[in-house]
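K.L.:
Build me a model:
(4 chains)
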There are 2 protein chains.
Amino acid sequence: MAPSDSAATELLAVRAAELYYEENKTQDEIGAILRVTRWKVGRLLSQARERGIIRIEIVHPRARRLALERELSARFGLKDAVVVPAPVDEVELQARVSEAAADYLVSHRPIPRLLGVSWGRTLHQVAEALPVGWSTGVNVVQLNGGVSLSKRPGTAASTAVMIAQKAGGQATLLPTPAILERLETKKAIEGDRTVSGVIQMARGASAYLYSAGPADVTSVHVDSGYLTTDDIERLVERGAVGDVIGRYITADGTIADPELDARTLGLGLEELRSAATAILVVGGESKHPVAHALVTHGLCSVLVTDEHTARALLGTDNSRLGADSRLSDTNEGDPVS
Amino acid sequence: MAPSDSAATELLAVRAAELYYEENKTQDEIGAILRVTRWKVGRLLSQARERGIIRIEIVHPRARRLALERELSARFGLKDAVVVPAPVDEVELQARVSEAAADYLVSHRPIPRLLGVSWGRTLHQVAEALPVGWSTGVNVVQLNGGVSLSKRPGTAASTAVMIAQKAGGQATLLPTPAILERLETKKAIEGDRTVSGVIQMARGASAYLYSAGPADVTSVHVDSGYLTTDDIERLVERGAVGDVIGRYITADGTIADPELDARTLGLGLEELRSAATAILVVGGESKHPVAHALVTHGLCSVLVTDEHTARALLGTDNSRLGADSRLSDTNEGDPVS
DNA sequence: TGCGGCTGTGCTCATATGAGCAAGCCATGC
DNA sequence: GCATGGCTTGCTCATATGAGCACAGCCGCA
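P.N.:
Below is the predicted model of the structure:
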């Protein structure tokens, strides 16, 4: 591979690529134009593809990043992964991730008989993104308590109900607070046959669908009045990176505050870990730490996320990947004969 | 074309495109995955291409814009056109246009027996970009006078000589000033047998290669001391947009100042117009007006330029086209082979 | 209800393309 | 001087792909 030779070859490859991809000429025609055999044209084109001279991009809001999906699955032993290209805008990002989760749910096989869902902003968007009639006879059960104490009453319930309704199924709600103030109250409520029945049912769900929240003041738990900003601060001090189904975890996948956790009503982490299908939907910068904790400690089997999060999880520097891709423009030597 | 249908179809097309272009799957395999026939996959893919979901780009400094080249040729009745993609940088742009001109010259058929050249910064770069031995036995003749009065002596001569040497041919120079101060002097020099012989020879050249300059203070004529900034101002007042082979023209392709023109030594515009092969090499914002004048009035038969200039000539809005064509900074790795 | 036009589908067949292989080609080392 | 090994080149053949066609369902219109 002498440099002078490769310069001439490269120029030829560029010409061939132009004729093939922009002018839709056949390799045979290109051969005639460039005065080489059609086999050489074929080789030139594959070289051009290898060297990245030809860039093929799929520009569409619903596009996915299959290469990253494969990497994620392999690296973290996931059953499946969905990665959407990251748009500039955070709002748009959340919308696309939610849409992707809805798409995934629709085409997921086997169709779950009973689907366990958490609640929150993300899950609500997923519910809205699901088309009416996305499935038939899928029942839904809530995984964790979610009676809102302050704003937006009924958000948790409406998410579960919407998902069930759109699939022509029934929703079973867990009509309790997410976190109780006193351990005794929590135990009492848990002792109630209805409540324990719901949790039991949740344990038997054939799939879980849930999101995660960051350990900061934007958390839904602050919004809903279960936790104060002081509580969050204390959690962060204890190493909390975020929450799943109401439970705050640290970077090594353990409960950040066992006392608080004991007062949290709903499914435990172990059920997520051992579930056949546990679909985590999570996107955006602020959730990178919690996503990392979940994914590295087997707390989900399917991950739906955005490109940036995916790269962060894989440890790929994603600022650089945006900036590079410039070719060196060094080019000398004999042009086409 | 019901909207709901086209939405579903589009999503399918996106999936197909991903599998085909990013995963290198065969249409048959994709059919199996998406549960449609392979013919449908083929149709999906062509739809995706039509709708612009798939964007194929050739990223290489030596790439060309064949579509623009075709448009230019058709619109202005050119024999040929070469358009290079415009880089961000003006210096880089000049380099690429010059390189492209050199490439064109090398592969141009029939090989000119005698090549008439002008001089200037652009032509000098073209000369440098030509590979040694780019042709055999091509003689070169200078089209217009170019003894520099102040800086860079010998530039004009060295351009012609370099082009000839690299092709193993002889250069015939026109060792006179470009513009004389007095008409009498010009006539006297023109009357010299040697000088008139060179011009006669230039008339018989089988191809011309020349550039154009803008009508502003950056002009080589100011640099070389033939014209003062006042002269340029007066030319602009008379409607001059720039010069070719030393002659300043207006937007409608006529001589801007006949008196000045009479004192200008060298080939006339008519010879360019009637030449079989008149290769104009011109790039950059400042030369758009002069390029437009030349191209619309038949003063070149081959145009080598950059993308922005091409769009300006065609009347396409290029600020917009320049602004887009940025890729979203999403970048996946090389697709698997 | 029945009928022409129209779109979308699955096919046949010709063509374009890529994999794999034998032969040549250059440069090196003995 | 000559063999050798890595490389490119031009081929054969199997496969992937696109063009064109007949048919089916669907719509509006009488």
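K.L.:
quick one: low-confidence ranges for chain A?
P.N.:
Applying pLDDT under 70 to chain A flags the ranges A:1-6, A:147-154, A:317-337.
K.L.:
Could you identify the helix or strand that succeeds the top strand by length along it?
P.N.:
In chain A, assigned by DSSP state E, the strand with the most residues is strand A:207-214. Next in sequence after strand A:207-214, counting helices and strands by DSSP states H and E, comes helix A:220-223.
K.L.:
angle of the helix or strand harbouring residue A:123 against strand A:207-214?
P.N.:
Assessed by DSSP H and E, residue A:123 sits inside helix A:121-129. Comparing the axes of helix A:121-129 and strand A:207-214 via axes from the mean of the first three to the mean of the last three CA atoms, to 10 degrees yields an angle of 140 degrees.
K.L.:
So in terms of bridging, what pairs with residue A:302?
P.N.:
residue A:80, residue A:279 (DSSP bridges).
K.L.:
what's around it, how many residues?
P.N.:
22 (other CB atoms under 10 Å in any protein chain shown). Yep, even glycine has a C-beta here, placed from its N, CA and C like the rest.
K.L.:
again with residue A:210
P.N.:
27.
K.L.:
I'd say it and residue A:159 touch.
P.N.:
No. Using CB atoms under 8 Å, residue A:210 makes no contact with residue A:159, being 10.8 Å away.
K.L.:
what sits in contact with each of these two?
P.N.:
Residues touching both residue A:210 and residue A:159 (CB atoms under 8 Å, 6 or more residues apart in numbering or on different chains) are A:117, A:123.
K.L.:
hmm, back to that, toward the C-terminus from the helix holding residue A:123, list the very next helix or strand.
P.N.:
Next helix or strand after helix A:121-129 toward the C-terminus (DSSP H and E): strand A:139-142.
K.L.:
Within its sheet, name the partner strands of that next one and how each one runs.
P.N.:
For strand A:139-142, pairing defined by DSSP bridges yields strand A:114-117 (parallel), strand A:171-172 (parallel).
K.L.:
which outside residues touch the shortest one?
P.N.:
Contact with strand A:171-172 is made by A:139, A:140, A:141, A:142, A:157, A:160, A:161, A:163, A:164, A:165, A:198, A:201, as judged by CB under 8 Å, 6+ apart.
K.L.:
could you measure the nearest residue to the first one once chain neighbours are set aside against residue A:137, distance?
P.N.:
Sequence neighbours aside, residue A:169 is the residue nearest to residue A:139 in space, at 4.3 Å (criterion: CB to CB, 6 or more residues apart in numbering or on different chains). With the distance defined as CB to CB, to the nearest Å, residue A:169 ends up 5 Å from residue A:137.
K.L.:
any idea how far residue A:275 is from DNA strand D?
P.N.:
38 Å (CB to the nearest atom of the strand, to the nearest Å).
K.L.:
next one: residue A:16
P.N.:
Applying CB to the nearest atom of the strand, the value for residue A:16 to DNA strand D is 12 Å.
K.L.:
so which helix or strand takes in that residue?
P.N.:
Counting by DSSP H and E, residue A:16 is part of helix A:3-17.
K.L.:
Check which helices and strands that helix is in contact with.
P.N.:
Of the remaining helices and strands, those touching helix A:3-17 by 3 or more CB pairs under 8 Å, 6 or more residues apart in numbering or on different chains; DSSP states H and E are helix A:27-34, helix A:38-50.
K.L.:
in that helix, what counts as buried?
P.N.:
A:7, A:8, A:9, A:10, A:11, A:12, A:13, A:14, A:15, A:16, A:17 (16 or more other CB atoms under 10 Å in any protein chain shown).
K.L.:
Check stretch A:210-226 too.
P.N.:
Those buried within stretch A:210-226 under the rule 16+ other CB under 10 Å are A:210-216, A:219-224, A:226.
K.L.:
And stretch A:295-307, by the same measure?
P.N.:
Going by 16+ other CB under 10 Å, stretch A:295-307 has these buried residues: A:295, A:297, A:298, A:299, A:300, A:301, A:302, A:303, A:304, A:305, A:306, A:307.
K.L.:
what's the neighbour count on the residue lying closest to the first one once chain neighbours are set aside?
P.N.:
Sequence neighbours aside, residue A:76 is the residue nearest to residue A:295 in space, at 4.9 Å (criterion: CB to CB, 6+ apart). Counted with other CB under 10 Å, residues neighbouring residue A:76 total 19.
K.L.:
gap between residue A:76 and DNA strand C?
P.N.:
31 Å.
K.L.:
Pull the contacting residues for that residue.
P.N.:
A:295, A:296, A:303, A:313.
K.L.:
so the third one sits right up against residue A:72, yeah?
P.N.:
Right, the one you point to is residue A:303. Yes. When contacts are counted by CB under 8 Å, residue A:303 is listed as touching residue A:72 (6.2 Å).
K.L.:
Mutual contacts of these two, please.
P.N.:
Contact criterion CB under 8 Å, 6+ apart; residues shared by residue A:303 and residue A:72: A:78, A:81, A:295.
K.L.:
Does residue A:292 lie in a helix or a strand, and which?
P.N.:
Using DSSP H and E, residue A:292 falls within helix A:288-296.
K.L.:
and that helix with strand A:207-214, angle?
P.N.:
150 degrees.
K.L.:
Give me the contacts around helix A:288-296.
P.N.:
A:72, A:76, A:78, A:212-215, A:241-244, A:249-253, A:280, A:282, A:299-300, A:303, A:305, A:309, A:312-313.
K.L.:
the helices in the stretch 51-200 of chain A, which residues?
P.N.:
For the stretch 51-200 of chain A, the helices defined by DSSP state H, counting those that start in this stretch occupy A:66-76, A:90-107, A:121-129, A:155-166, A:183-191, A:193-203.
K.L.:
Which of those sits closest to residue B:262?
P.N.:
helix A:90-107 (65.5 Å; CB to CB).
K.L.:
Can you name the residues of the stretch 201-337 of chain A that neighbour DNA strand D?
P.N.:
By the rule CB under 7 Å from any atom of the strand, no part of the stretch 201-337 of chain A lies against DNA strand D.
K.L.:
Tell me which stretches of the stretch 201-337 of chain A form strands.
P.N.:
For the stretch 201-337 of chain A, the strands defined by DSSP state E, counting those that start in this stretch cover A:207-214, A:240-244, A:247-250, A:278-281, A:302-306.
K.L.:
Let me have those in TSV, adding distance to residue B:29 as columns.
P.N.:
Below are the strands of the stretch 201-337 of chain A laid out as TSV (distance: least, CB to CB, whole Å):
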stretch	distance to residue B:29
strand A:207-214	27
strand A:240-244	36
strand A:247-250	40
strand A:278-281	26
strand A:302-306	23
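K.L.:
Please produce TSV containing these, extended by distance to DNA strand C.
P.N.:
Listed next are the strands of the stretch 201-337 of chain A as TSV, based on distance: least, CB to the nearest atom of the strand, whole Å:
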stretch	distance to DNA strand C
strand A:207-214	30
strand A:240-244	41
strand A:247-250	46
strand A:278-281	30
strand A:302-306	28
